[in-house]
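>>> Sequence first, predicted coordinates after that:
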Amino acid sequence: MDTYYNPVPHFGYKLALEHSPQLKSVPLRPKDVDDDDPFGPGGCFDLTQLDGLRSSDPPAQFVSYSISKCAGYCRTKGAPFNAITPNFECRCLNVIPAEAARAPDAACGDKGAGAALFYNHADAGEATCRVANVPMEKNSFNFHYNDNHASFDNGVMTIKMEGSNGLRFTTNDGKHMFGMYQVTGKIDKSSGAVTAFYTRSSDDYNTANWGDFSEIDYEFLNGNPSVPSGLWLNSFNKGMSGGERLVKPEEYRTLLGLKEGEDASNTFVTFAFNWQPDQVAWYANGVMLLRRRYDEEVSWKDMKGVGFTRSFRPPNAPQHVTFSMWADQDQERAFGGKLAWDKSPFTSQFKDLRRVLCEAKAAPSNGPAWLYQPQAPTPATPTTEAGPVAPAASPATAAAAASPAAKASPAIQAVQQAQKPKKGL
C-alpha cells in the first residue's frame, strides 16, 4: 500500500498555522481520501515505532505559532523527514518508516501520542509524495540477464554470482525524479565480488554510449581501492561523476554503533539516499554518511589516483532502482579487488525496499486540527535541551514565506530554470 505525503518545503515552510488566507497547509495525505477528511489514513505514526530518529538530539520544542520552523530545523541537520507531535515537539527522521509504524488517526488528535510525519521535498508547493514499497518478489523487477541468480523467500531477496557470472535487474514501475530510496542488506565480502544498489537513468552500459546518464550509487567493495566491506558512494550527472567517497568499515562501525567485528557482511544494515534538486545525501541505519550540496566544490581522487575538482550537480534525469552483482573484467587492477574464485558462489541479501516518490500534484488538505491555533500575543523562543532554536516568525513573515511567490534558493532556481521547456526544435 502506498502512503501519500504532502511535503514541507525547505523554503516557505507551508506547514504552518492558518494565520492568513495566503497560508496553506501541506500535511500527509493518502491517495484517495475525501476532501472533507481533515487528515486521512497514512499520515499518523507511532513515535515508538519510528526507526532512525536522531537519538543524539533531543526534540526541538516549538509552539503553535512557530511550528512552521520544524521543517527547516530538520533539513539543516540533513534529515529528510520531520515528525510533529500534538504538543509541538519537532523530531527529525532519516529513515523511511515501515508500515508497522503507522498509527490510527485518533493517535494524532490533540491529545494523542502519535506524530504527523512530513517529507522535506524541495518542490513542496508543487508535489504530493508517497511511500512506495517494492515487494521483494520476482515480478517486481525486470532482469537484464541471469534471472535465475535471484531467489525470493518470505520478503528476503538473495542474489548470487557464480565465478564472474553475475546479474543485473531494475524495478519495473518506471523511472522517477527525485525522492528517497532505501533498502536493508547483508553483503558478500569476498574479494572481487562487487554488489551494488543504485538508481540509474539508462540501461545502456556500453562505455562508448554512456552519454549523459544519471546515477546515484551504493557500491559494496571488498578490494581496490577499498578493504573488505567498504561502502563506495558516488553520483553521476550527465555522465560526469559528482565525487567518489569511500567509507571503510571501521568508520561506519563507529558511526552506527556496531560491535567489534560487525560490518555490512554479517549484519543487516539499512542503506538509503535522499535525492533532491539541491543536494544528495547518503545514510546507513539512519546516520548520514555524506551530503553533497548544489554548487559545492568537491575534490577527490579516483581508484587510479587521478585527482578531480568539480562543482557538484545532483542528477537531473528520471531513474529507477537497480541491483547488480559483478566482477571487474580487468583483473590486473580490478575495481573491488581480484576475484577470489575459490569463494564462489558469492551471495548478498536484501529486504525492505522502500522509496519516497514525489510525482503527483499537490493536493489540498487541512491536516490535524491542532496545527491551526490562534496567534499567541508574545511569541517565545522555542528551545531544546541543547539550547535555543531559531525564533518564531511573525504571522506576516510566515505567511509571506509560505505564499506561492516565495523565492526559491539559488540552487532550486537554477534547477527550475534548467527544467523549463525550451522554444524551437
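Yep, it's here.
>>> Run through this structure and note the low-pLDDT ranges.
1-42, 54-56, 209-210, 362-367, 371-425 (pLDDT under 70).
>>> Can you pull the domain assignment for it?
Partitioning the chain according to automatic domain parsing yields domains covering residues 3-126+362-419, 138-358.
>>> Mind checking the ones you listed for the one nearest to Ala132?
domain 138-358 (4.8 Å; Cβ to Cβ). Quick note: C-beta positions are derived from backbone N, CA and C, even for glycine.
>>> now Phe323, what's its secondary structure?
Secondary structure state of Phe323, per DSSP: H, G, I helix; E, B strand; the rest coil, is strand.
>>> how near is it to Ser190?
Counting by Cβ to Cβ, to the nearest Å, the gap between Phe323 and Ser190 amounts to 17 Å.
>>> Same check on Asn142?
As defined by Cβ to Cβ, Asn142 lies at a distance of 27 Å from Ser190.
>>> if you count what's nearby, which of these two comes out ahead?
Shown here are Asn142 and Ser190; by other Cβ atoms under 10 Å, Ser190 has more neighbours (23 against 15).
>>> Give me the nearest residue to that one, chain neighbours excluded.
If the residues on either side of it in the chain are set aside, Ser190 comes closest to Lys343, at 4.1 Å by Cβ to Cβ, 6 or more residues apart in numbering.
>>> what's the answer for Gln331, then?
Closest residue in space to Gln331, ignoring its immediate chain neighbours: Lys338 at 5.4 Å, by Cβ to Cβ, 6+ apart.
>>> Kindly report the same for Leu353.
Sequence neighbours aside, Val134 is the residue nearest to Leu353 in space, at 4.2 Å (criterion: Cβ to Cβ, 6+ apart).
>>> That neighbour touches Val321, doesn't it?
Yes. Assessed by Cβ atoms under 8 Å, Val134 is found in contact with Val321 at 7.2 Å.
>>> Pick out whichever of these two has more residues nearby.
For Val134 against Val321, the residue with the higher neighbour count under other Cβ under 10 Å is Val321, and the figures read 23 against 17.
>>> Could I get the contacting residues of that one?
Residues in contact with Val321, defined by Cβ atoms under 8 Å, 6 or more residues apart in numbering, are Val134, Thr170, Thr171, Tyr181, Phe197, Tyr198, Thr199, Leu353, Arg355.
>>> Now intersect these with the strands, please.
Thr170, Thr171, Tyr181, Phe197, Tyr198, Thr199, Leu353, Arg355 (DSSP state E).
>>> on that earlier part again, looking at the contacts of Val321, which is nearest Gly305?
Set against Gly305, the nearest of those by Cβ to Cβ is Tyr198 (23.8 Å).
>>> in the stretch 301-425 of the chain, which spans are strands?
307-311, 320-326, 346-361, 383-384, 387-388 (DSSP state E, counting those that start in this stretch).
>>> what about Lys90, distance to Pro59?
I think there's a mix-up here, since residue 90 is Cys and not Lys. For Cys90, the distance to Pro59 (Cβ to Cβ) stands at 6 Å.
>>> Which one's more surrounded, those two?
A count of neighbours by other Cβ under 10 Å puts Cys90 above the other of Cys90 and Pro59, at 24 against 21.
>>> Touching, the more buried one and Pro58? I think so.
No. Counting by Cβ under 8 Å, Cys90 sits too far from Pro58 to count as a contact (10.4 Å).
>>> Buried residues, stretch 201-215. List them.
For stretch 201-215, the buried set under the neighbour-count rule, 16 or more other Cβ atoms under 10 Å, comprises Ser201, Ser202, Phe213, Ser214, Glu215.
>>> Just to be sure, which of those are found in strands?
Secondary structure assignment (DSSP E) places Glu215 from the buried residues of stretch 201-215 within strands.
>>> circling back to that earlier point, how about the contacts made by the residue nearest to Ser190?
Contacts of Lys343 by Cβ under 8 Å, 6+ apart are Ser190, Ser191, Ala193.
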